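In: I would like the atomic coordinates for the input below:
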Amino acid sequence: MDWDKLRIFHAVADAGSLTHAGDALHLSQSAVSRQVRALEEALNTTLFHRHARGLILTEQGELLFDATSAMNKRIDSATARIRDSEEEVFGELKVTTTHGFGALWLAPRLAKLYDKFPGLRIDLMLEERVLDLPMREADVAIRMKEPSQADLIRKRLMSIRMRMYASPEYLAEHGEPQQIEDIRDHRLICQKPGAPQVLAGEQLVQSLLAHDVQTALTVNNYFGVLQAVVANLGIGVLPDYIIEDFPTMVRVLPEVESVEVPVFLAYPEELRQSKRVSAFRDFVQDEIIAHRRQRRAMGAD
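Out: Numbers count the residues shown, from 1 in each chain. Predicted coordinates:
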């Protein structure tokens with residue numbers, strides 16, 4: 001089978017459009033179309049339903065796209081291993097973590113990593129969904145639970161808890177709750193129960209809402225919760241790691257918190273020798289150590 005035709009088919013299936021695939025491949029739309037039709041003739045089947053809104057894969061097209069996707073991932077894996085045989089740390093590293101940890105803790109610290117390794121390109125994928133590391137959906141994952149996938153190297157980085165925080169301005173205007181029952185007189189800012197989130201956070205929110213909270217703001221990620229708290233809208237349920245970068249935040253009802261949540265870093269066994277993975281792992285571990293020292297100095301534990 002013609003590998004070049006498969007490459008063009010994969011680009012079209014991924015883009016859903018001959019024009020967009022042509023732009024990505026630096027080919028004309030007509031050249032892309034000819035290659036796709038030639039592949040369909042060689043296989044004696046139709047790979048796409050053609051609609052005014054674009055191209056949709058047929059059942060046979062889906063089968064072929066699954067195969068070319070697996071081939072692409074294997075090629076990416078082989079390319080990564082070849083590049084990692086070099087001494088220099090460079091190239092793309094796909095990192096996945098949750099929206100909260102990625103946006104509020106990891107991203108603000110990446111400047112230090114880029115200063116040390118300017119040739120490194122981080123593709124930061126923020127998802128609550130657990131990506132498949134052995135299938136190379138990502139190279140490295142930072143997750144709020146121990147990974148269950150086999151053939152992964154994993155390291156526990158730290159533990160976090162969900163706690164309640166408010167701005168000094170909000171508390172000066174509305175008063176500070178002295179016991180859990182007082183929460184009914186305040187606006188609670190949190191993720192909506194049932195939305196993708198850390199289970200410990202959801203359980204804490206459910207327990208708080210059981211106290212007949214009269215007004216609430218629900219947001220589908222912790223970055224939004226934090227912004228609302230900073231804007232003096234109410235009392236927010238947030239992961240405790242935010243306090244280092246937002247030291248003016250006041251912890252409310254210190255005796256109320258979630259159970260401990262473990263944070264793990266994981267990557268595939270086949271990337272054990274990867275210099276990019278090692279550089280990222282060491283960077284995260286150094287930042288975790290600095291984070292712990294800062295929390296102790298602030299008395300935030």
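In: Every contact and neighbour count from this point should use C-alpha atoms.
Out: Fine.
In: which stretches of the stretch 101-250 of the chain form helices?
Out: 110-116, 168-174, 199-209, 222-230 (DSSP state H, counting those that start in this stretch).
In: so who does Leu131 touch?
Out: Leu131 is in contact with 96, 137-138, counting by Cα atoms under 8 Å, 6 or more residues apart in numbering.
In: Among the residues you listed, which one has the most neighbours?
Out: Of all the contacts of Leu131, Thr96 has the most neighbours under the rule other Cα atoms under 10 Å, reaching 25 neighbours.
In: Check the gap between the spatially closest residue to Pro239 that is not a sequence neighbour and Ala24 for me.
Out: With sequence-adjacent residues excluded and distances taken as Cα to Cα, 6 or more residues apart in numbering, Pro239 is closest to Met162, at 4.4 Å. Look at Met162 and Ala24: by Cα to Cα, to the nearest Å, they are 43 Å apart.
In: Tell me which of these two has more neighbours.
Out: Met162 (24 against 13).
In: Going along the chain, name the strands of the stretch 1-150 of the chain.
Out: 48-51, 54-57, 91-97, 120-126, 140-143 (DSSP state E, counting those that start in this stretch).
In: For Ala67, which of the ones you listed is the nearest?
Out: strand 54-57 (13.4 Å; Cα to Cα).
In: least trustworthy helix or strand in the chain by mean pLDDT?
Out: The weakest-scoring helix or strand in the chain, judged by mean pLDDT, DSSP states H and E, is helix 59-83 (a mean of 84).
In: Give me the distance from it to the chain's centre.
Out: The chain centre lies 22 Å from the centre of helix 59-83; the measure is Cα atoms, centre = their mean, to the nearest Å.
In: tell me the angle that helix makes with strand 91-97.
Out: With axes from the mean of the first three to the mean of the last three Cα atoms, to 10 degrees as the basis, helix 59-83 and strand 91-97 are set at 120 degrees to each other.
In: Show me what helix 59-83 is packed up against.
Out: helix 3-15 (3 or more Cα pairs under 8 Å, 6 or more residues apart in numbering; DSSP states H and E).
In: Off-centre distance for the helix it packs on?
Out: 27 Å.
In: Mind listing what's buried along it?
Out: 5-13, 15 (16 or more other Cα atoms under 10 Å).
In: Can you pull out the low-pLDDT segments for the stretch 51-200 of the chain?
Out: Along the stretch 51-200 of the chain, the model assigns pLDDT under 70 to residues 80-87.
In: The residue most central in space within the chain pairs with what?
Out: In the chain, the C-alpha nearest the mean C-alpha coordinate belongs to Leu126, at 2.1 Å (Cα atoms, centre = their mean). When bridges are called by DSSP bridges, Leu126 pairs up with Thr97.
In: Next one: it from Glu41, what distance?
Out: 40 Å.
In: again, but for Arg34
Out: Counting by Cα to Cα, the gap from Arg34 to Glu41 is 10 Å.
In: do you know how far the residue nearest to Arg121 when sequence neighbours are not counted is from Ile122?
Out: Residue nearest to Arg121 in three dimensions, not counting chain neighbours: Glu92, with 4.5 Å by Cα to Cα, 6+ apart. Relative to Ile122, Glu92 is positioned 6 Å away (criterion: Cα to Cα).
In: Look at those two and report which has more neighbours.
Out: Ile122 (17 against 14).
In: hang on, the more buried one packs against Val89?
Out: No - in this structure, Ile122 is not within contact of Val89 by Cα atoms under 8 Å, at 11.9 Å.
In: per-residue pLDDT, the closest residue to Arg154 other than its chain neighbours?
Out: Excluding the flanking residues, the one nearest Arg154 by Cα to Cα, 6+ apart is Ala266, at 4.2 Å. What the model reports for Ala266 is a pLDDT of 96.
In: check contacts around the residue nearest to the centre of the chain.
Out: Contacts of Leu126 by Cα under 8 Å, 6+ apart are 96-99, 102-103.
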